[in-house]
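In: Fold the following for me, if possible:
(2 chains)
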Amino acid sequence: MGSDVFQPGIVAGRLDPESYADHFSDLHPRLDPHEALVAADRCYFCHDAPCITACPTDIDIPLFIRQIATGTPDAAAKTILSQNIMGGMCARVCPTETLCEEVCVREVAEGKPVLIGQLQRYATDHLQEQGIHPFSRAAVTGKTVAVVGAGPAGLSCAHRLAMLGHDVVVMDAAAKPGGLNEFGIATYKTTDGFAQSEVEWLLKIGGITMQYGVALGDGVTLAQLRKDYDAVFLGMGLGGVNALDATGADKDGVRDAVDFIAELRQASDVASVPIGRDVVVIGGGMTAVDAAVQAKLLGALNVTLVYRRGRDRMNASVFEQDLAASKGVRIVTHAVPVEVHGNGAVREIEFEYVDDNMKGTGQVLRISADQVFMAIGQRLVDGDLPELAVNKIKVTGAGRTSVDGVWAGGDCASGGDDLTVTAVAEGRDAAMDIHAQLTGG
Amino acid sequence: MADLTTNFIGITSPNPFWLASAPPTDKEYNVRRAFEAGWGGVVWKTLGAEGPPVVNVNGPRYGAIYGADRRLLGLNNIELITDRDLYTNLEEIKRVKADYPDRAIIASIMVPCEEGAWKAILPLVEDTGADGIELNFGCPHGMSERGMGAAVGQVPEYIEMVTRWCKQYYSKPVIVKLTPNITDIRKPAAAAKRGGADAVSLINTINSITSVDLDTMSPEPSIDGKGSHGGYCGPAVKPIAMSMVSEIARDPETQGMPISGIGGVTTWRDAAEFMTLGCGNVQVCTAAMTYGFKIVQEMISGLSDWMDSKGHTSIQDFCGAAVPNVTDWQYLNLNYVAKAKINQDLCISCGRCFAACEDTSHQAIAMSEDRTFTVIDDECVACNLCVNVCPVEACITMEAMTPGTTDPRTGRVVEPDYANWTTHPNNPAASAAE
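Out: Sure thing, here's the model as predicted:
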């Protein structure tokens, strides 16, 4: 432990280089071939397996695990990727403990599920690192589709459409593709530039043109896209963040968790990212945990995650909560922020304890803080959009919006969990619906 | 603790676990280690005739079949008999026997099928003080091409003839080791008995090719791109060995003949099973080759504990106890009716029973929306496949129907009396029940 860990304020380089390298290495290192065989042998090859049902993309998990077990990991990868073109990223970031692995019969029987996520990564890495793209395009249809947003939903939709023979133009507001895969996921979950290499691999299908620095209302309009293309898919995610409703929320040192996570992901050297000594994260979802854990990993001395409800209501999975606890993050529940104290910059943040019905108790808690991350939800940036439902684009069926010829999926669309895997599924299913409509006459 | 002392055809050993004639018993060093580890006896690796010894291949001698986590389930072997000088082996046998008088040492022998060859080697073996000999009529590879090993074991007349020579020129017990590469194991066993053998031991290894290298197109184990069938052994062969043992134990011509059981004995339980089928002791090889000699400690403690739990004080108490229950299919009770029953508390809803029954059997398991699996008694023939594929022990059981109740599959009342195929009306050759 270097002396820099005690230094107050928001400073970079709190740790020695080895600690940074260790802290930001792969959360789950890839299984080696023998580990993969042993893990694969545990799969019972269930009939109509519960894991398939639990997977938002319906990957045939028993089949791909059997393909690994029989020494054909590339065939396993194709089984995965034919359902989920971002199977590599999902293997890294899916909360498998609440999806496939939660319902694995060996979890039910023994409390030890088959390591589905890690096996999926073993297979997809095996294929993708050889540079093999196992899919090819159908005959070109002459139809063109605009996809807004180069995140999981948009790229999944684009890939499927391209595979079916359509030409696709993908537009994104950022300077590079990936969406939340690139900007929004904890660094230790996707190391070695995987998000970019996955996109490069995905684009090998051909027929997809990328445009960066373009967004609805900034370079293009929905009306223009509808005019220029045969169909439009909206998968731009949630670009806005909810503001903190507390006095003094504008003080220095208070920022959005998503910005912090993105800065860390984009940093060429994580040691260059400054972090407070006493960090408070407000929120209870994956973003809150990602921010809190990474603040700790950057060398923050005290990191407190404060959530307004009980642990059971947190959107972060139990695995994520345990991960945070294991890294030394203190989790405080049933507390809402009231006021940010400090002269210009935050020094302390005051909370009031609330009951299960969010009713104030009058009891207060003050936590020292030189940095506060807000992770209290993202929201859709409105304007020039089809009809909304509960602040998201209203969709029916396979992502159909209120506007003819316009589909939507991923976080910006109504329904579904805000998970990478859900976005991939929605993008894929919308693509199939678009294809049916474009080719059906 | 139960007394595991075994007297097998007059040869005593502190326990019934012997090492089979095989690579682990090829020389003094290994055998001393085996005795120090606790093995009750060894059958010394097969001795050949005086003169230049055989030569082995200089490449892989073994091929393997694996289960989960590279657990060795089956091994195949193309090693020949000892490739060391006869006198070296004899001197070592003599030394080891002198140092371990309480352990059994059996000399395995394989010489050409000529009276002179046997007459020459037997006095030399007798002089070592070994407790007996085992005639290797089973080795299926290499030696059989030279008219020895399995080539003798496949001709009952040769077995009888050679056994007779051995009883004539050797004073101690003679065990005849049988090859399973034959259609009816009772024939060579009967021949051995006619020749005067004190016991038979079985099975020797089974002709096998463990795998083919799909790049080189060579069978494994591969010697410079070619492979030859080797002898298969290990846990995978246990069922074949036990069936052959039971045939000899219950055949009128050979029943009562002492048997040394060999074939996939890996744990104390395997050994106990062989003994209930009529074996006076067991011989082990692959398990020792897989895990080392220490496994005998588990075999000793396991067999002893089991005997204590059953009130057995000696091996004789249960030797052959299962033989009366080995019968022919035609004598099985056709009035016995069972139904599968799934214990819902134990069921983990994997659905393997459903897939097996629905796809490959009798469509006798129902699957509900919430993945509850239940047996349809109207369809269940009690085939046991669901029990076999279920990954949870004792989750699915076969429950016998009470006589007097009606089998919903056949609509017939379950009869209390035993009745078999010999009297069944569907049997054209049925005779009236007496």
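
In: quick one: pLDDT of the nearest residue to residue B:26 once chain neighbours are set aside?
Out: Of all residues not flanking residue B:26 in the chain, residue B:45 sits nearest, at 4.1 Å (Cβ to Cβ, 6 or more residues apart in numbering or on different chains). Bear in mind the C-beta positions are built from the backbone N, C-alpha and C, glycine included. If you check residue B:45, the pLDDT there is 97.

In: likewise residue B:130?
Out: Residue B:130 carries a pLDDT score of 98 in this model.

In: my guess is it meets residue B:44, correct?
Out: Yes: between residue B:130 and residue B:44 a contact is recorded at 7.3 Å, counting by Cβ atoms under 8 Å.

In: Of those two, which one has the most company?
Out: It is residue B:44, of residue B:130 and residue B:44, that has more neighbours when counted by other Cβ atoms under 10 Å in any protein chain shown, with 30 against 23.

In: picking that back up, where do the contact lists of residue B:130 and residue B:44 overlap?
Out: Shared contacts of residue B:130 and residue B:44 (Cβ atoms under 8 Å, 6 or more residues apart in numbering or on different chains): B:93, B:105-107.

In: Which one (most neighbours) among those?
Out: Neighbour-wise, the shared contacts of residue B:130 and residue B:44 (other Cβ under 10 Å) top out at residue B:106, 31 neighbours.

In: For the residue nearest to it when sequence neighbours are not counted, give its distance to residue B:94.
Out: Once flanking residues are discounted, residue B:106 sits nearest to residue B:43: 4.3 Å by Cβ to Cβ, 6+ apart. Per Cβ to Cβ, to the nearest Å, residue B:43 is found 16 Å from residue B:94.

In: Of those two, give the one with the bigger neighbour count.
Out: residue B:43 (28 against 16).

In: on contacts alone, who are the packing partners of the strand or helix carrying the more buried one?
Out: Secondary structure assigned from DSSP states H and E places residue B:43 in strand B:41-47. Contact here means 3 or more Cβ pairs under 8 Å, 6 or more residues apart in numbering or on different chains; DSSP states H and E; on that basis strand B:41-47 packs against strand B:17-19, helix B:28-37, helix B:86-99, strand B:104-109.

In: Can I get that strand as CSV, trimmed to CA atoms?
Out: Provided in CSV are the C-alpha atoms of strand B:41-47 (Å, rounded to 0.1, in the frame of the first residue of the first chain):
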residue,chain,number,x,y,z
GLY,B,41,0.0,-61.8,-3.6
VAL,B,42,1.3,-61.3,-7.1
VAL,B,43,1.3,-63.3,-10.2
TRP,B,44,4.7,-62.7,-11.6
LYS,B,45,4.8,-61.5,-15.2
THR,B,46,4.8,-64.3,-17.6
LEU,B,47,8.1,-66.2,-18.0
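
In: in its sheet, what does that strand sit against?
Out: strand B:17-19 (parallel), strand B:104-109 (parallel) (DSSP bridges).

In: and the ones you listed as CSV, adding mean pLDDT?
Out: Listed next are the strands paired with strand B:41-47 as CSV, based on pLDDT from 0 to 100:
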stretch, mean pLDDT
strand B:17-19, 98
strand B:104-109, 98
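
In: Throw the ones you listed into TSV and include distance to residue B:396, thanks.
Out: Below are those laid out as TSV (distance: least, Cβ to Cβ, whole Å):
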stretch	distance to residue B:396
strand B:17-19	34
strand B:104-109	43
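
In: How much space separates the residue in the stretch 1-150 of chain B that chain A sits nearest to from residue A:37?
Out: Chain A sits closest to residue B:68 of the stretch 1-150 of chain B, with a gap of 3.7 Å, by Cβ to the nearest Cβ. Distance of residue B:68 to residue A:37, computed by Cβ to Cβ: 8 Å.

In: more neighbours, these two?
Out: The residue with more neighbours, out of residue B:68 and residue A:37, is residue A:37; 20 against 12, by other Cβ under 10 Å.

In: Regarding that one, which helix or strand does it belong to?
Out: Under the criterion of DSSP H and E, residue A:37 resides in helix A:33-41.

In: Now find how far off-centre the host helix or strand of residue B:200 is within its chain.
Out: Using DSSP H and E, residue B:200 sits in strand B:199-202. Mean-position distance between strand B:199-202 and its chain equals 11 Å (Cα atoms, centre = their mean, to the nearest Å).

In: Deepest in the core, which of the helices and strands packed on strand B:41-47 is it.
Out: Ranked by mean neighbour count, the helices and strands packed on strand B:41-47 are led by strand B:17-19 with a mean of 29 (mean count of other Cβ atoms under 10 Å in any protein chain shown).

In: burial of the residue in chain A positioned nearest to chain B, as a residue count?
Out: Taking Cβ to the nearest Cβ, chain B has its nearest neighbour within chain A at residue A:47, 3.2 Å off. When neighbours are defined as other Cβ under 10 Å, residue A:47 has 20 of them.

In: so what's it up against?
Out: Residue A:47 makes contacts with B:350-352, B:354-355, B:367, as judged by Cβ under 8 Å, 6+ apart.

In: Thanks again, I'm all set now.
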